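1. Sharing a sequence plus its predicted fold:
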Amino acid sequence: MITMEDIVKEGHDVLKQKADEVSLPPSKEDQDTLAQMLEYVKNSQDEKLADKFNLRPGVGLAAPQIGLSKRMIAVHFTDFNEREYSYGLFNPKIMSHSVEETYLPDGEGCLSVDREVPGIVPRYARITVKATTLEGEEVKLRLKGYAAIVLQHEIDHLNGVMFYDHINQQSPLTPPANAISAEEI
Ligand SMILES: COc1ccccc1NC(=O)N[C@H](C(=O)N(CC(=O)NO)CC1CCCC1)C(C)(C)C
Ligand SMILES: [Zn+2]
């Protein structure tokens, strides 16, 4: 199983690279890895398992974070409207997005970053993501607010982008103009 020891920390080259497309249909190995990534995210949110295996509770994980430069992400979370999302995705791609931006008022963190980095992270408020699921079906996800933020954070990892790369250094704590907090969408 994947544990914190497997999670690569910032500074490691793999987190700065553009990850490779996964050839579909996925190999048994790629499928197994993505299933393990989804297991990690689910396990990390289970109090007992998180304590037992010392897992930092997470809502998403990208393959580069376990040292694998492949376009695979796993997400498991409930958004502010209590909607549940649980996916292992191959080759996720943002097909379109709103001009309007959103953000988390408390900023973002990252399982690969062991420090607080204060600052608002502007994200597209609405995105449409195309991907192939762990089960092999092609999906088109229309996401907004928190769900849009999580997917953008994970897809960024596939392009070597960290959340703090988006923070406005001049005024890190100022929400971008015409942006709406993710808690209001
Ligand atoms: C509802 O909130 C939770 C419920 C259960 C566990 C964690 C959270 N909230 C989080 O934002 N969790 C963050 C997270 O998992 N990530 C994932 C990550 O680092 N992926 O690479 C960072 C988030 C910041 C915004 C979107 C993902 C960490 C880095 C703070 C652990
Ligand atoms: Zn991250």
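-> Alright, I've got the coordinates. Ligands and ions are numbered 1, 2, ... in the order given.

2. Strands along the chain, start to end?
-> 60-62, 72-78, 84-97, 101-103, 123-124, 126-133, 138-144, 179-181 (DSSP state E).

3. Close to ligand 1: what parts of this protein are there?
-> By the rule Cβ under 6 Å from any ligand atom, the part of the chain lying against ligand 1 is 45, 56-62, 65, 77, 108-111, 149-150, 153-154, 157. From N, CA and C alone the C-beta is placed, and that goes for glycine too.

4. got a list of what Gly109 touches?
-> By Cβ atoms under 8 Å, 6 or more residues apart in numbering, Gly109 lies in contact with Glu116, Val117, Phe163.

5. from those, which would you call buried?
-> Judged by neighbour count, with 16 or more other Cβ atoms under 10 Å as the criterion, the buried members of the contacts of Gly109 are Val117, Phe163.

6. Pick the one among the contacts of Gly109 closest to ligand 1.
-> The shortest separation between ligand 1 and any of the contacts of Gly109 is 6.4 Å, and it belongs to Phe163 (by Cβ to the nearest ligand atom).

7. Surely the closest one touches Ile120?
-> No: under the criterion of Cβ atoms under 8 Å, Phe163 makes no contact with Ile120, lying 10.5 Å away.

8. Need the winner for burial among the strands of the chain.
-> Highest mean neighbour count of the strands of the chain: strand 60-62, a mean of 27 (counted as mean count of other Cβ atoms under 10 Å).

9. now it: mean pLDDT?
-> For strand 60-62, mean pLDDT is 98.

10. centre of the chain versus that strand, how much separation?
-> 5 Å (Cα atoms, centre = their mean, to the nearest Å).
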